[in-house]
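Peer 1: Attaching a predicted model along with its sequence, questions to come.
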Amino acid sequence: MTAIEITRPGGPEVLAPTTRPVPVPKDREILVKVRAAGVNRPDSLQREGGYPPPPGASDIPGLEIAGTVVARGDLAGPWQVGDAVTALVAGGGYAEYAVVDGSNALPLPDGYDFIKAAALPETFFTVWSNVFDRAGLQPGESFLVHGGTSGIGTTAIQLAKAFGATVFATAGSADKCRVCRDLGADLAVNYRDEDFVAAVKQATGGKGVDVILDMVGGDYIDRNYEAAAVEGRIVQIAFLRGPKQTVNFTRLMLKRLTHTGSTLRARDPAFKARIAASLEEKVWPLLAAGTVAPVIDAVLPLAQAAEAHRLLEADHVGKIMLTT
Ligand SMILES: NC(=O)c1ccc[n+]([C@@H]2O[C@H](COP(=O)([O-])OP(=O)(O)OC[C@H]3O[C@@H](n4cnc5c(N)ncnc54)[C@H](OP(=O)(O)O)[C@@H]3O)[C@@H](O)[C@H]2O)c1
């Protein structure tokens, strides 16, 4: 099969087509003929050499796919050859075929094609797990996501809104702030012009925000503590401005904040299966109804994975997708 490999750590140009054997599904796995795959920021980190695949995962990048089941192990759950699925994979998505634990696959939401379906797993699993399970966002609470027009941000805005939160987002331009508002954000702050702490304090009558999803880190750590409400929960999913910072922890104590974080990729299939079950029950109906939808910026052929990474690292809104 054709796959895209990382020939050496470096920029987008190190991604190159190669020929690999079609993977063979183990007992609990299905083999999927990939029709579309999502491109995510963690793929860039892996390409640069900073995010190695967990033990046992393919070295081929790609964390989400959609396609057709073409073979299955004996214990791979209800899937039959010919079924259309979308799946969260621990690697190997940039390829014509990929294997995945059957419990980490979901049916396509009603009315979805393979491209839209492949745009779901990485951001929907991540947002569900961190915002709803880990931070316990409740209807009527307020929610702030940084990077509002990222794949993660566009998903987080829509899901938080759909589940009854007041939603705030930050983004790096007026146009991106408009996109955040179109997706349902009650307030979008252009962080280049405005202080998000002051903006969310004003919007909450001085109370601050109940839940913050942060991918920025660096100086945002201190500022998130300032922006948070008493008993606020802050979930860290990346550190685009760096993981090391001098922080005034007094607010953590005085406001009884919870600051936590997680990474999804290395978690075992059983953990991911629990998220898949929640998504199928609570979110798939919203996707079918059109209440929530992935935001897709560009679709490129698999062979142009390097160009897809250039787009991901330049200005984009939502997801970049590859098709086979
Ligand atoms: N922990 C996990 O399990 C997990 C899973 C998936 C993704 N992630 C992380 O979540 C983040 C988003 O992923 P994605 O695929 O959605 O990425 P993406 O679409 O490439 O978005 C990255 C966003 O970060 C913002 N940004 C970049 N540098 C910034 C800075 N210095 N200050 C403020 N904002 C900055 C950009 O917004 P502006 O243009 O508005 O600045 C952009 O929207 C990535 O860092 C990724 O590694 C973590």
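Peer 2: Arrived safely, thanks for sending.
Peer 1: in the stretch 101-250 of the chain, which spans are helices?
Peer 2: 114-118, 121-127, 151-162, 174-182, 196-203, 220-227, 250-254 (DSSP state H, counting those that start in this stretch).
Peer 1: of all those helices, which lies closest to the ligand?
Peer 2: helix 151-162 (3.2 Å; C-beta to the nearest ligand atom). (Each C-beta comes from the backbone N, C-alpha and C, glycine too.)
Peer 1: Mind listing the residues bridging to residue 85?
Peer 2: residue 67, residue 107 (DSSP bridges).
Peer 1: Near residue 269, how many residues? Count them for me, please.
Peer 2: 17 (other C-beta atoms under 10 Å).
Peer 1: residue contacts, the closest residue to it other than its chain neighbours?
Peer 2: Of all residues not flanking residue 269 in the chain, residue 101 sits nearest, at 3.8 Å (C-beta to C-beta, 6 or more residues apart in numbering). Neighbouring residues of residue 101 by C-beta atoms under 8 Å, 6 or more residues apart in numbering: 28, 29, 76, 269, 272, 273.
Peer 1: State the pair within those that is farthest apart.
Peer 2: Across the contacts of residue 101, the longest distance by C-beta to C-beta is 14.5 Å; it joins 76 and 272.
Peer 1: tell me the contacts of the residue lying closest to residue 110 once chain neighbours are set aside?
Peer 2: Nearest in space to residue 110, with sequence neighbours left out and distances taken as C-beta to C-beta, 6+ apart, is residue 288 at 3.9 Å. Residues counted as contacts of residue 288 (C-beta under 8 Å, 6+ apart) are 109, 110, 111, 112.
Peer 1: between those residues, which is nearest residue 224?
Peer 2: Using C-beta to C-beta, the contacts of residue 288 come closest to residue 224 at residue 109, 32.7 Å.
Peer 1: Please name the residues that touch that closest one.
Peer 2: 117, 120, 284, 287, 288.
Peer 1: For it, what are phi and psi?
Peer 2: phi -60, psi 150 (degrees, to the nearest 10).
Peer 1: State the distance from it to the ligand.
Peer 2: Distance of residue 109 to the ligand, given as C-beta to the nearest ligand atom, to the nearest Å: 20 Å.
Peer 1: is the ligand contacted by the one helix or strand residue 69 maps to?
Peer 2: In this assignment (DSSP states H and E), residue 69 forms part of strand 64-72. No - applying C-beta under 6 Å from any ligand atom, one finds strand 64-72 separated from the ligand by no less than 9.9 Å.
Peer 1: Quick one: distance of that strand to the chain centre.
Peer 2: Mean-position distance between strand 64-72 and its chain equals 20 Å (C-alpha atoms, centre = their mean, to the nearest Å).
Peer 1: got it, and stretch 85-92?
Peer 2: With C-alpha atoms, centre = their mean, you get 13 Å for stretch 85-92.
Peer 1: ok, now stretch 100-117?
Peer 2: 15 Å.
Peer 1: and the angle for the strand holding residue 69 with helix 151-162?
Peer 2: Counting by axes from the mean of the first three to the mean of the last three C-alpha atoms, to 10 degrees, strand 64-72 lies at 90 degrees to helix 151-162.
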